[in-house]
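Q: prediction below, plus the sequence it came from.
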2 protein chains.
Amino acid sequence: MPRPAKHHPERGDARTRLLEAARDVIRAKGFAATSVDDLCKAAGVTKGAFFHHFETKEALGVAAAAYWAETTSAFFANAPYHRLDDPLDRLFGYVDFRKAIIDGDPAEFTCLVGTMTQEVYGSHPAIRDACAASIFGHAATLEPDIAAAMAARGIEADWTPASLARHTQAVLQGAFILAKATGGREEALESVDHLKRYLTLLFSQPRSKGTPHDGC
Amino acid sequence: MPRPAKHHPERGDARTRLLEAARDVIRAKGFAATSVDDLCKAAGVTKGAFFHHFETKEALGVAAAAYWAETTSAFFANAPYHRLDDPLDRLFGYVDFRKAIIDGDPAEFTCLVGTMTQEVYGSHPAIRDACAASIFGHAATLEPDIAAAMAARGIEADWTPASLARHTQAVLQGAFILAKATGGREEALESVDHLKRYLTLLFSQPRSKGTPHDGC
DNA sequence: ACGAACATACCAACCGCCCGGTATGTTTCG
DNA sequence: CGAAACATACCGGGCGGTTGGTATGTTCGT
């Protein structure tokens, strides 16, 4: 059910402009605090156009999450770290890439679907599910490199590639919260550095079971 | 400027009931989506009482963050892990305690100030600052044990106790987002286990500089 | 000691505005 | 033409916030 939008290839059509406005405005103000009029003003369209393309405001939230998933997956798929030979290098390349794009205002580098998940998780299950699909779908793209790195280094662990991939997303999401709390990026970068250190430790001891502190 | 409220100690006064309602309702619906009427209904008071105690809805948000900071700091201060002798055991005791209270619905175990930070960071700086004070104040309570554990084990690291303390909060906040995305607790527990594993690795190699992957 | 004066805590009713949503055009393109 | 893509104008309701009032202390001059 994606939009063909063949008619006006001149400039971004209203639907796309609304989705881009949603991406920017919702990250800055949150979903509930963003009114339909806010979005129309930011996109330069009228309310009639909005409800022509989206049945309700909730439907726009779902579409915005899907649009986020599309654009970010394309963005990461084209990132240069994929060209590295060693899967572990690609994993660190991913984390460094995430660090590199933490720049400017938090509204510009934080995650739309993470923000929306927190906010609407109880009131808009449809949006929450779309956000969850984006988050876990992105996490899943890390699994092959993690699994390959484990195999290449003979790591036998009590954790799975999937769980470590999800953990990277948890750290990033948490880092975004700290960044928003202070308004700066330092705390976020700091936490991602701890994540890098964790990965370094995990992959530096070949047949580690992690030697956990207790039976965690 | 705290409330004496000596007059009617018979029942919980309206102000406290409103703050408790805010803690519960905002965690479930978010700040912006929670109306003043919602809070009044949940607290069993009228709107007149609300605006008697709080000048605006934003003021309630600030007070709710402060109330959260008070109640949670008392809650953690009384937790049993503080009685352990080894500071590292206390640190792991803290993390296990956090794991133990991840139970039931996400609205019951997630963090009010983390949720509000994400939502209002751009629109209500006063609330954001109160949330930031709560988060970083809580993180600061971990620093002494981390520093003592480092000293006891002769750890010389390129990270500080403060940064590791903040990182634990980032992981927890991120874990809450994953939990809300799926509606369950498993993903959150999983990420906290990765945090435990990180701490175990950090403190198991005495004079580690972390041997980072590059000059991070 | 006592009551007038004041303060606090709360309630019921109301207000204007802005919100999500709709009904009805008008333009544009194949 | 005809239909999709937009614009204009307009609701009804809920929102944050206000007003005026009451019941119950608390203070203080005398």
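A: Cool, got the structure. Residues are numbered from 1 along each chain as shown, chains lettered A, B, ... in the order given.
Q: what does chain A have sitting close to DNA strand C?
A: A:6-8, A:34-38, A:47-48, A:51, A:55-58 (CB under 7 Å from any atom of the strand). For the C-beta atoms, the positions are set from N, CA and C on the backbone; glycine is no exception.
Q: how about A:V45: what's its closest non-neighbour residue?
A: A:A14 (4.6 Å; CB to CB, 6 or more residues apart in numbering or on different chains).
Q: ok so, going back, of all the residues of chain A next to DNA strand C, which two lie farthest apart?
A: A:K6 and A:S35 (30.5 Å; CB to CB).
Q: can you pull the phi/psi pair for the most centrally placed residue in chain A?
A: Most central in chain A under CA atoms, centre = their mean is A:C111, positioned 5.1 Å from the mean C-alpha point. With angles defined as degrees, to the nearest 10, A:C111 shows backbone torsions of phi -100, psi 120.
Q: likewise for the one 5 residues further on?
A: Recorded main-chain torsions at A:M116 are phi -70, psi -40, according to degrees, to the nearest 10.
Q: I'd assumed A:A66 was in contact with it.
A: No. With contact defined as CB atoms under 8 Å, A:M116 does not reach A:A66; the gap is 11.8 Å.
Q: the two: who's more crowded?
A: Taking neighbours as other CB atoms under 10 Å in any protein chain shown, A:M116 and A:A66 compare with A:M116 leading, 31 against 18.
Q: pLDDT value on that one, please?
A: Note on A:M116: pLDDT of 97.
Q: swap in A:S204?
A: 89.
Q: before we move on, what about A:M150?
A: On the pLDDT scale, A:M150 gets 97.
Q: how close does it get to DNA strand D?
A: 47 Å (CB to the nearest atom of the strand, to the nearest Å).
Q: hmm, that residue is touching A:A157, no?
A: Yes. With contact defined as CB under 8 Å, A:M150 counts as touching A:A157 (6.9 Å).
Q: settle it for me: which of these two has more neighbours?
A: A:M150 (20 against 16).
Q: residue contacts, the more buried one?
A: The contact partners of A:M150, by CB atoms under 8 Å, 6 or more residues apart in numbering or on different chains, come to A:A157, A:P161, A:F203.
Q: re the thing from before, tell me the contacts of the residue nearest to the centre of chain A?
A: A:I135, A:L172, A:Q173, A:F176.
Q: same question, A:I177
A: Per CB under 8 Å, 6+ apart, neighbours of A:I177: B:G114, B:T117, B:Q118, B:I135, B:A170, B:Q173, B:G174.
Q: hang on, the earlier thing: looking at the contacts of A:C111, which one is closest to DNA strand D?
A: Set against DNA strand D, the nearest of the contacts of A:C111 by CB to the nearest atom of the strand is A:F176 (25.4 Å).
Q: which SSE is the closest one in?
A: helix A:161-182 (DSSP states H and E).
Q: pLDDT below threshold where in chain A?
A: Within chain A, the ranges that satisfy pLDDT under 70 run A:1-12, A:205-216.
Q: tally up the residues packed near the residue of chain A found nearest DNA strand D, please.
A: Scanning chain A for the residue nearest DNA strand D gives A:G48, at 2.3 Å (criterion: CB to the nearest atom of the strand). Counted by other CB under 10 Å, the residues lying close to A:G48 total 9.
Q: what sits against it?
A: So A:G48 contacts nothing (CB under 8 Å, 6+ apart).
Q: any residues touching stretch A:89-109, and which ones?
A: Taking CB under 8 Å, 6+ apart as the rule, stretch A:89-109 contacts A:24, A:27-28, A:76, A:79-82, A:84, A:142, A:145-146, A:149, A:168, A:172, A:175-176, A:179-180, A:183, A:185, A:188-189, A:192-193, A:195-196, A:199, B:121-122, B:213-214.
Q: first-to-last residue distance for that stretch?
A: Distance across stretch A:89-109, first residue to last, is 23 Å (CA to CA, to the nearest Å).
Q: tell me which residues of it are tucked away?
A: Neighbour-count burial for stretch A:89-109, counted by 16 or more other CB atoms under 10 Å in any protein chain shown, picks out A:89-99, A:102, A:106-107, A:109.
Q: what segments of chain A are helices?
A: Assigned by DSSP state H, chain A shows helices spanning A:14-29, A:36-43, A:47-53, A:57-77, A:87-100, A:106-109, A:112-120, A:125-140, A:143-153, A:161-182, A:186-204.
Q: packed most tightly, which of those helices would that be?
A: Burial of these is given as mean neighbour count (mean count of other CB atoms under 10 Å in any protein chain shown); helix A:112-120 ranks first at a mean of 28.
Q: is chain B within reach of that helix?
A: Yes. Interface with chain B: helix A:112-120 contributes A:G114, A:T115, A:T117, A:Q118, A:E119, A:V120 (CB under 8 Å from any CB of the partner chain).
Q: which of those lies closest to A:V62?
A: For those, the nearest to A:V62 is A:V120 (10.1 Å; CB to CB).
Q: contacts only, for the closest residue to that closest one other than its chain neighbours.
A: Spatial nearest neighbour of A:V120, chain neighbours left out: A:I127 (4.7 Å); criterion: CB to CB, 6+ apart. By CB under 8 Å, 6+ apart, the contact set of A:I127 is A:F31, A:E58, A:G61, A:V62, A:A65, A:M116, A:V120.
Q: so how far is chain B from A:I127?
A: 11 Å (CB to the nearest CB, to the nearest Å).
Q: kindly report the same for A:S73.
A: For A:S73 relative to chain B (CB to the nearest CB), the value is 17 Å.
Q: that residue contacts A:I135, doesn't it?
A: No. The pair A:S73 / A:I135 is not scored as a contact, 11.6 Å apart, by CB under 8 Å.
Q: returning to that earlier point: can you list the contacts of A:C111 in JSON lines and add distance to B:L19?
A: Shown next, in JSON lines, are these (distance: CB to CB, whole Å):
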{"residue": "A:I135", "distance to B:L19": "32"}
{"residue": "A:L172", "distance to B:L19": "32"}
{"residue": "A:Q173", "distance to B:L19": "27"}
{"residue": "A:F176", "distance to B:L19": "27"}
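Q: and of the residues you listed, the nearest to chain B?
A: A:Q173 (4.0 Å; CB to the nearest CB).
Q: is it true that the closest one touches B:A179?
A: No. Between A:Q173 and B:A179 there is no contact under CB under 8 Å: 11.0 Å.
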